[in-house]
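> give me a model of this one.
(3 chains)
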Amino acid sequence: MENQNKEVLYGLYDDEEVLMSAVKKANEEHLDIMDVYTPFPVHGLDPLLGLSESRLHIAGFIYGAIGTLTAFLFMTWVFTRDWPIIFGGKPYFSFPAFVPIMFELTVLFSSVGMVITFYTICGLWPGSKTIRLNDRITDDKFCIAFETDNTDVQKLKDFFSSTGAGSVETATI
Amino acid sequence: MNQFSFESKQKSVLIGGMILGLICLAATWWVGDDGHHTRFWSNFLHNSVFFTGIAFLALFINTAFTTALAGWHVVFKRVFEAYSLFLIPGLVLMLVIIAGIWGHFHHLYHWADPQALLPNEEGYIDEILTGKSGFLNKYWYTFGTLIIVGMWIFFALRLRRFSVEEDKSGTTDYAHYKKTRLWSAIFLPLAGFSSAAIVWQWVMSTDSHWYSTLFAWYTTISWFVAAFASIILLMIYLKSKGYYENVTDEHMHDLGKYLFAFSIFWTYLWFSQYMLIWYSNNGEETIYFHLRRQNYPVLFYGNLVLNFLVPFFVLMRNDTKRKFGTLALVAILTLIGHWIDFFLMLKPGIRETAMHGHGEHTFALGYSFPGVLEFGILVGFASGFLYFVFSKLSQASLVPENDPYLGESLHHHV
Amino acid sequence: MSAVVSPIREPLIIGHKDYHQITEDICAPTEKTPSLMWVIAFSISASLLAFYVFCVGWTIWVGIGSWDLNRTINWGWDITNFVWWVGIGHAGTLISAILLLFRQKWRTGVNRAAEAMTIFAVMCAGQFPLIHMGRLWLGFFIFPYPNTRGPLWVNFNSPLLWDVFAISTYFTVSLLFWYTGLVPDLATVRDRAKGLRRKLYDMASFSWNGSAKHWQRWESLSLILAGLATPLVLSVHTIVSFDFATSVIPGWHTTIFPPYFVAGAIFSGFAMVQTLMLIARKVLNLEEYITIEHIDVMNKVILLTGSIVGVAYLTELFIAWYSGYIYEQFAFYNRVMGPYWWSYLGMMSCNVISPQIFWSRKIRRSIWWTFFMSIFINIGMWFERFVIIATTLARDYLPSSWSYYSPTWVEIGLFAGTLGLFFTLFLIFTRLAPVVAIAEVKSILKGYGDQYTGENANQHH
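Numbers count the residues shown, from 1 in each chain, chains lettered A, B, ... in the order given. Presented below is the predicted three-dimensional model:
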């Protein structure tokens, strides 16, 4: 991240439907939205903001496959190469008995891997520096923020007043 | 288009299918015959059980969704209703099997053989079968089938009547809907008990000595997946004909999810049953899987490929549940897969019975693998099933106009 | 985004809430000084926990001989408690994961607390296999690691080792799922706080800021974790059932055990959720978020799973007769008519017969009936595990070694003590984190708030 401070102008809306129409209008006027902050996930917002679909599930599949293989190869190695033992008259390579642990490690690798990936790509961890504009965003306000460098501030203010923003404020990040 | 019209072209195709099926079924009376017409009778039992079960599961799914206030399926719930009414012809088919038991026309069930309970040449009595004879006898088989399927038909007709009446005289106090909900809730526990009893009689008792407590649930879930697969196919067909424009990708996605989830659940039950029997290694239990794995390996492993690997790897992705071509392909494969699952449950045990326990399970079409005739019979039964379903669909509006959940169902979003 | 909701759906949030009011109501319990009720409950729980520590110490100092375990009853209250707690630990993930996939919106009111309960119940469950090893300090032997005892590995073919993997995976994944859901709500608490409290909650919430991209990924993650947790929750009790069903003990070796254990787990888990929720909604003033409708729906789940368990009990009995196998037949005769007949009776009446009163809508919506029944079911499900474990082991193949098992004070103390552990953790949780998922409740407000659906709906919306 750059050390240079940026000026931000943001507006707070009271309702997610008003927010959605504001975002649509911003798109029509070709205003460059920095980000939108909401108290809960608002459905239908992602395509308006041009956010591509999350690819987290692909990562999850790969982690899971690694888990399956780890469990399978390890148990196979232990019982056919490293220290073969006959349990209950079964063959050394007892595939049905390997299935439960293979399944568990698939889920474990996939979940832990995805959670770590999620926090890493979002840049979230204890003490991370995120952009926090207003305390009401996690409560009941829906926020659209613009960077004001190289932008006509008056045009943005007009945008906010015409789309029904409850309050408009500035911040330095 | 909320009114389905059963076109004459569809009728002639389906009648053609039924005639093909009849010819194939008749042919198995002679082709590959073992002196007891076992191939004919086992095919008849296999397909009757498979399609009657699908009808029962459609009724079960409809009542379960109603009780859980699922809502999203309401726009096409008439399909479930039409399916469930197939229980009536299903009962007729099973009555043919019952007539066969009374008249000793077939050797499907070892326990139905009057010789089975008598001492053998060396003077030994089959104590296991004697112990079971309080349940495995022609009286219980007849009584159980009549009472249980009769009870299912009673509920199917009743729920259908409420639903159709609601179209005509439904009001905003939703009296019909409330009755539907009550009767659906009553049906669920009855279905839970009765389906197990019917599976023991119809399917598990073909291996007369063998038992497994999980078997009834395993079989029921096999029907469940087959019912969903066939409903997906029917919906895709109806949509291609211009019906059900209100049924969107979102609905199909959910149907696909059910196919995916319950294919995994089926695998879970398959594994639980197999692994526990494999692990404990009791001869009287392992004989079931030993017979099938050693002598019917293609079906044994093919069952897992079609019913687990295919739906799992194809439907895991989100987009494949929305591509009708892919979804239809998976549905066809799993439908055939579960038909083969029933084939594998029934045929080896019936063959053992017909050979009176003396004989090798060598490769033979119609037993080791479904032959052309078996697939012809499947086409015949499926055509008959569809003919019935289409004629029931044409008797009422495709969309239940006054259902209180219709609005939700029409605006369904994943 | 006002969703189309059927006119006959019951509202899930009552009291004409707006977004801010939801925040106020749900955050309040974490911000006020604890009530007298809380302090009393905490003192009792903490005392029980202290007694638990004492009993564990006693077991280690004196040895497993301080329990009444003996040949042939090598599992008694310990494993009964283990299975009971694991079962209770199923409802949370079930509510969050399976109901998310099945689109049951009512889960938003209860999922957070149920998940917390899951985690605490699994912690209680995990105690018993460790303590019953006797030499607790050698507990790390269960891990597969290259060791100095020769390169001899653990037995990967043993269901007991599968349990180690299943329970630890389940605990880890439940914890991640729960905490990831909690992060945005902790940020809500943070933004209302000042000073050190604000700093601590900022750490806990990973500096969450509500960015649209973060929400998108968060939802995607929740959905996939739900998808993974669904088979996981099935696998856990399945593997617990394998502990019994892979054996050749009559009454244990039965193929229906996996799904039947899972149904029983859901059943007992929901009963425990009801017990906790009925108290929590009252004490924490959350009656408008955990409504009578929520209680009604959960009672329906209890009725359903109770009936499934009933089908399984009868299936077992029938197949025992049908099998023609005399040892199997004796095992079940012994359960019903043997010296432990009272535990079989308790199991049947608490689990199958009495939940049938929930066919009545009036009883389903009665708080007292529900509370009474939830306790009843908790007891009944404990009996079920006792029936399976102790009754079967007390009379095995060899009549000369038949005996009768009854617990010592140490075993009873360990069980009561884990109740202390459970409630202590739960009470701390109610003080530290929002008990209801704030963001998720807000996301269903339009559609399921009582100003939008139900009798008192405002028609203008």
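> give me the residue from the stretch 301-414 of chain B nearest chain C.
Closest to chain C within the stretch 301-414 of chain B is residue B:411: 3.8 Å, counting by Cβ to the nearest Cβ. Quick note: C-beta positions are derived from backbone N, CA and C, even for glycine.
> okay, now the closest residue to that residue other than its chain neighbours: neighbour count?
Once flanking residues are discounted, residue B:411 sits nearest to residue C:4: 3.8 Å by Cβ to Cβ, 6 or more residues apart in numbering or on different chains. By the criterion of other Cβ atoms under 10 Å in any protein chain shown, residue C:4 has 14 neighbours.
> so which helix or strand takes in the closest residue to residue A:56 other than its chain neighbours?
Leaving aside its sequence neighbours, residue A:56 sits nearest to residue C:220 (Cβ to Cβ, 6+ apart; 5.0 Å). Using DSSP states H and E, residue C:220 sits within helix C:212-245.
> pull the distance from that helix to the chain's centre.
On the basis of Cα atoms, centre = their mean, to the nearest Å, helix C:212-245 sits 15 Å off its chain's mean C-alpha point.
> before we move on, what about stretch B:357-365?
Relative to the chain's own centre, stretch B:357-365 is displaced by 27 Å; criterion: Cα atoms, centre = their mean.
> then stretch C:297-305?
That offset, for stretch C:297-305, works out to 15 Å (Cα atoms, centre = their mean).
> what does stretch A:125-134 give?
15 Å.
> quick one on the thing from earlier: the residue nearest to residue B:411 belongs to a strand, doesn't it?
No - under DSSP: H, G, I helix; E, B strand; the rest coil, residue C:4 sits outside any strand and is assigned coil.
> residue C:155 in helix, strand or coil?
coil.
> who are the neighbours in contact with it?
A:85, A:87, C:161 (Cβ atoms under 8 Å, 6 or more residues apart in numbering or on different chains).
> could you say which helix or strand holds the last one?
It refers to residue C:161. Residue C:161 belongs to helix C:159-191, assigned by DSSP H and E.
> return the set of buried residues in that helix.
Across helix C:159-191, burial judged by 16 or more other Cβ atoms under 10 Å in any protein chain shown covers C:159, C:161-191.
> phi and psi next, for residue B:73.
The phi/psi pair for residue B:73 (degrees, to the nearest 10) reads phi -80, psi -10.
> what's the burial count for it?
Residues near residue B:73, counting by other Cβ under 10 Å, number 22.
> skipping adjacent residues, who's closest to it in space?
Using Cβ to Cβ, 6+ apart, the closest residue to residue B:73 is residue B:65 (5.3 Å).
> which other helices and strands does the host helix or strand of that neighbour contact?
In this assignment (DSSP H and E), residue B:65 forms part of helix B:38-67. For helix B:38-67, the packing partners by 3 or more Cβ pairs under 8 Å, 6 or more residues apart in numbering or on different chains; DSSP states H and E come out as helix B:8-30, helix B:77-84, helix B:87-103, helix B:138-169, helix B:175-202, helix B:215-240, helix B:324-354, helix B:372-393.
> let's go with 6 Å and repeat that
Packing partners of helix B:38-67 (3 or more Cβ pairs under 6 Å, 6 or more residues apart in numbering or on different chains; DSSP states H and E): helix B:8-30, helix B:77-84, helix B:87-103, helix B:175-202, helix B:215-240, helix B:324-354, helix B:372-393.
> list the contacts for residue B:89?
Residues near residue B:89 by Cβ atoms under 6 Å, 6 or more residues apart in numbering or on different chains: none.
> near chain C, which residues of the stretch 101-250 of chain B show up?
B:128, B:131-132, B:189, B:192-193, B:211-214 (Cβ under 6 Å from any Cβ of the partner chain).
> rerun at 8 Å
Residues of the stretch 101-250 of chain B lying near chain C by Cβ under 8 Å from any Cβ of the partner chain: B:127-129, B:131-132, B:135, B:172, B:174, B:177, B:185, B:188-189, B:192-193, B:196, B:200, B:209, B:211-217.
> drop anything exposed from the residues you listed.
B:128-129, B:131-132, B:135, B:174, B:177, B:185, B:188-189, B:192-193, B:196, B:200, B:209, B:211-217.
> which secondary structure element of chain C has the lowest mean pLDDT?
Between all helices and strands in chain C, the lowest mean by mean pLDDT, DSSP states H and E belongs to helix C:99-101, at a mean of 75.
> for residue C:364, give me its contacts.
With Cβ under 8 Å, 6+ apart, residue C:364 has these contacts: C:295-296, C:299-300, C:358, C:370.
> at 6 Å what do you get?
Residue C:364 neighbours (Cβ under 6 Å, 6+ apart): C:296, C:299, C:358.
> can you check residue C:59 too?
Contacts for residue C:59 (Cβ under 6 Å, 6+ apart) come out as C:66, C:131, C:410.
> try 8 Å this time
When contacts are counted by Cβ under 8 Å, 6+ apart, residue C:59 touches C:66-67, C:131, C:134, C:410, C:414.
> for residue B:333, same thing?
Per Cβ under 8 Å, 6+ apart, neighbours of residue B:333: B:306, B:310-311.
> let me know the next secondary structure element after the least confident helix or strand of chain C.
Next helix or strand after helix C:99-101 toward the C-terminus (DSSP H and E): helix C:107-131.
> also compute the angle for that next one relative to helix C:159-191, please.
130 degrees (axes from the mean of the first three to the mean of the last three Cα atoms, to 10 degrees).
> report the angle between helix C:107-131 and helix C:212-245.
Using the same axes, to 10 degrees, helix C:107-131 lies at 40 degrees relative to helix C:212-245.
> per-residue pLDDT, residue A:161?
Residue A:161 carries a pLDDT value of 90.
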